[in-house]
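Q: return a 3D structure for these sequence lines:
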Amino acid sequence: MMQPEMPICNTCGEQVGFGSNGSGVFVGCHECNFPICKACLDYEIKEGHNACIQCGTPYEGICSKIPFWIFAFDSRINLKSRISFYVTSKLNELISSDYTVSLTNLAEKEPVTRSTMAGHLNHSQDAGLHARNISTVSTVDSEMIDEDGNPIWKNRVESWKDKKNKKKKGVAKAPKEVQIPIDQHMGEKQGSTETNTIQPLSQIVPIPKSQITPYRIVIIVRLIILGLFFHYRITNPVESSYGLWLTSVICEIWFAISWVLDQFPKWYPINRVTFTDELSSRYEREGEPSELAAVDFFVSTVDPLKEPPLITANTVLSILAVDYPVDKVSCYVSDDGAAMLSFESLVETAEFARKWVPFCKRFSIEPRAPEFYFSQKIDYLKDKVQPSFVKERRAMKRDYEEYKVRVNALVAKAQKTPEEGWTMQDGTPWPGNNTRDHPGMIQVFLGHSGARDIEGNELPRLVYVSREKRPGYQHHKKAGAENALVRVSAVLTNAPYILNLDCDHYVNNSKAVREAMCFLMDPQVGRDVCYIQFPQRFDGIDRSDRYANRNTVFFDVNMKGLDGIQGPVYVGTGCVFYRQALYGYGPQSLPTLPKPSSSSSCCCCGPKKPKKNLEEFQRDSRRDDLNAAIFNLKEIESYDEYERSLLISQMSFEKTFGMSSVFIESTLMENGGLAESANPATMINEAIHVISCGYEEKTAWGKEIGWIYGSVTEDILTGFKMHCRGWRSIYCMPIRPAFKGSAPINLSDRLHQVLRWALGSVEIFLSRHCPLWYGWGGGRLKLLQRLAYINTIVYPFTSLPLVAYCTLPAICLLTGKFIIPTLSNLAAVWFLGLFLSIITTSVLEIRWSGVSIEELWRNEQFWVIGGVSAHLFAVFQGFLKMLAGVDTNFTVTTKSADDQEFGELYMIKWTTVLIPPTTLLVLNLVGVVAGFSDALNKGYEAWGPLFGKVFFAFWVILHLYPFLKGLMGRQNRTPTIVILWSVLLASVFSLVWVKIDPFVSRGDSSLTQGCIAIDC
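A: Here you go, the predicted model:
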């Protein structure tokens, strides 16, 4: 008689074996006959798993009471419903230490590299399953309804609340096992020795103690000297010029506060190195598909006449040619101006990319933006051994010149818009003829189903996007365009990472994405990282960097300091985001909120349900102050039944993400990729839907998820919200700069740029997101990180004391008064110690950061120039805009410039921000002349007091010297109106001051009553 085949254990893979009596096959669960051997069963019971891992029935001899929802769980049904699946998975997590539900027979195992909200959706921690990747939700909502027409999620929540009290409270839970991503082990089954030999993908390189320790000591010493200095200044007023003295002390106190806010976030500077070779060896094995994560690139542009299409095209071409698997790269170009010029130039760019991309990859050229590659003044034959390189390079340069001619012809054609509007090649009107009222537009170029390169290879996907705009809707400028790209990319490609670039920032290092992946795909480092920020580097800046356009001190000093705390701030471009962080999900290491205290109820009446207003207050504090606590499902135990049902309902998702079931499903897919329910036929229609102008109405877009609205500097707000949720960021500085861009190098444009940044900071200061009071309840933003954010929003207000302080030298020279009394020996020591500590701090900062003395000095100069001009106007404009609703714009008018290298540097543009610094320059120059004249008349005794006043005035003049040099231009072509206004204001101020002379005491005035002649 033929013997039946022995079943295989579903846990270890060995044969189940016979029972203890040897009469038959061993059966662990008599309810479902789940195949499991005796050894595995004993191990499960030992680990505290006392129920069948398939049906949930207690094993024989185990008296544990199984929660009701184990029996109600039907995987075949729940996998068809994302919300039901969501509910049961969270419930399973709450008792995962007692019971384990296996879904290994329902979906294939995939490595888990993240553990945020998706970590709560894993049914089996041991199996490492990813709920978002096995979801097969359809866009048809009928699957969410039971036979009676009620939502499945609602029935499950009601059942949960009804049977909650029936759960046994005395079950002792075993220690919860820590879920370790599979890719962290990299072959754990082969033995622990191989796991220990895995090399890290990145490494922190701390600043040597010989450099950082003296730096910190000097900071403390300087702080002590500051305290002694202010003690002397406050206790020794100048009675003869009390007003000047008081003004100077107030200004100095503010400067000291600003220094503290700027200095102490630099307490823990670090450097980092990456190992891209190790990344390739781990995720790109020979003969196997690449396991590198996909990346969606975002490029945003508005007006092609102000942002030349050729510059945008070079950015796009550098993206398409990056050193990364082509099937993992998608480039989305947002045309927020709906310009036909942008669309047609992108068509030309897609065609030229078919030649450019294979050329770049064949010869490994850098950079991969053709305009900047061909303009390099280097030996392009260096390290190029292929004999065909010279010939192909010349042919490619000729093709690029022809491509430029075609694009420039489009630009020339677009200079004059036809009265009837633009018309496409098929004769239909261009949908974006009215830039304020047009439908959404999407066009997909290249990619898997598109044109291939000239060698027949697949190219990265290129997508043109122009979101819908209608009158009466708030579109939120760049932040709104970026959020539209987030939704479109989620529907079409849904890469787990997003890299956003300005249209003038091209990829200078083709391995930049790999540099970022060394952090994001490292299971030990990337778990709680929301974004990787690269420093900004610029082309076309004059050698002396007159107006500190490179911002070297900020990018090489301040950002390194923040990297040692909670991470650098987001600066708007050159940043790789983790998509889930943009959706408002919290990191794995999120601290648990304290449960509501029972003391909130009346102690006399015993436990009583809190009042409704108190419940609402607690709920609002969790969600608003702690940044969308709806997504921090780890804290679900601290919520009551009402809050839990609200969190788990489908309506919560729709109110948060909008009315798109396809997009909502994509948010649950942590590792990216399109869902099985995605229908290619309707994908474009769904993408058009998510960029409609009314999609964000009554949702959390711009409030809690995506790029945050409320300021023209949306980058600061977006990064701040992520850090408040507990995320951290990383600063990546590869040897070859990852990205390069262009910066305004003439004076007027530079001040206008700084004005915009400062205005954004003022807007944040006057909003609910002000770091002074926002996010304290969660305790997730570190103190030094908060100081850095406070510094980013209060620095424009330094313009007020700075203008007053720069005016004091001229006043002292014109009146003969001074802000400091006669110095004693001890006071001289404090002043000398303060100056020495300032100099020593700068020297030691230069030592560990690598910046040059000239860069530090240029930064100091422009801090004064921007402070007395752009920052001052930003403060008044911000208050007018936020408090009075008056939107004041300072326009810039361009004049002619020389057509040669750095010709724009000498371009003069009229703008009102030029008046205050010019007036200060004239005042101080007049004061120096008046001071020397007075000293010559009074004799030798007057030269001693004059020295301090003149030194003070020259301090102002030296800091404003780059401004004076830019104002004069190459041929002294200063606008007449600037000179007239400045001389007029300075003259009027001087005459009024001499007439009033408020710093002369009443006793002294009697002595001057008879002095009328010049020889008085």
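Q: is it correct that Trp727 is in contact with Ala581?
A: Yes. In this structure, Trp727 is within contact of Ala581 by CB atoms under 8 Å, at 5.6 Å. In this view, the C-beta of every residue, glycine as well, is placed from N, C-alpha and C.
Q: for the two, list the residues in contact with both.
A: Both Trp727 and Ala581 are in contact with Cys530, Pro587, where contact means CB atoms under 8 Å, 6 or more residues apart in numbering.
Q: now the strands for the stretch 551-700 of the chain?
A: 575-578 (DSSP state E, counting those that start in this stretch).
Q: pLDDT below threshold where in it?
A: The model of the stretch 551-700 of the chain has pLDDT under 70 over residues 589-652, 676-677.
Q: mind listing the helices for it?
A: 552-553, 559-563, 579-582, 612-620, 641-648, 650-657, 661-667, 680-690 (DSSP state H, counting those that start in this stretch).
Q: any regions of the stretch 101-250 of the chain where pLDDT drops low?
A: In the stretch 101-250 of the chain (pLDDT under 70), the answer is 101-197.
Q: hmm, try it at 80
A: 101-198 (pLDDT under 80).
Q: contacting residues around the residue nearest to Ile270 when sequence neighbours are not counted?
A: If the residues on either side of it in the chain are set aside, Ile270 comes closest to Gly564, at 4.3 Å by CB to CB, 6 or more residues apart in numbering. Neighbouring residues of Gly564 by CB under 8 Å, 6+ apart: Trp267, Tyr268, Pro269, Ile270.
Q: now render these as CSV, adding pLDDT.
A: CSV is the format used below for the contacts of Gly564 (pLDDT from 0 to 100):
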residue, pLDDT
Trp267, 92
Tyr268, 92
Pro269, 93
Ile270, 92
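Q: want to throw those residues into a markdown table with secondary structure?
A: Shown next, in a markdown table, are the contacts of Gly564 (DSSP: H, G, I helix; E, B strand; the rest coil):
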| residue | secondary structure |
| --- | --- |
| Trp267 | coil |
| Tyr268 | coil |
| Pro269 | coil |
| Ile270 | strand |
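Q: just the buried ones from the residues you listed?
A: Tyr268, Pro269, Ile270 (16 or more other CB atoms under 10 Å).
Q: contacting residues around the second one?
A: Contacts for Pro269 (CB under 8 Å, 6+ apart) come out as Ile207, Ile212, Val557, Lys560, Gly561, Asp563, Gly564, Trp848, Ser849.
Q: now swap in Asp504 and tell me
A: Glu307, Ile311, Thr312, Thr315, Gly741, Ser742.
Q: neighbours of the third one, how many?
A: Under the neighbour criterion other CB atoms under 10 Å, Thr312 is assigned a count of 25.
Q: how about the helices in the stretch 401-550 of the chain?
A: Under DSSP H, counting those that start in this stretch, the stretch 401-550 of the chain gives helices at 477-492, 512-520.
Q: for the ones you listed, which one sits closest to Cys503?
A: When those are compared by CB to CB, helix 477-492 sits nearest Cys503, at 10.8 Å.
Q: what mean pLDDT does that closest one get?
A: On average, the pLDDT along helix 477-492 is 91.
Q: and that helix, what does it pack onto?
A: strand 295-301, strand 329-335, strand 461-466, strand 497-502, helix 579-582, helix 661-667, helix 680-690, helix 714-724 (3 or more CB pairs under 8 Å, 6 or more residues apart in numbering; DSSP states H and E).
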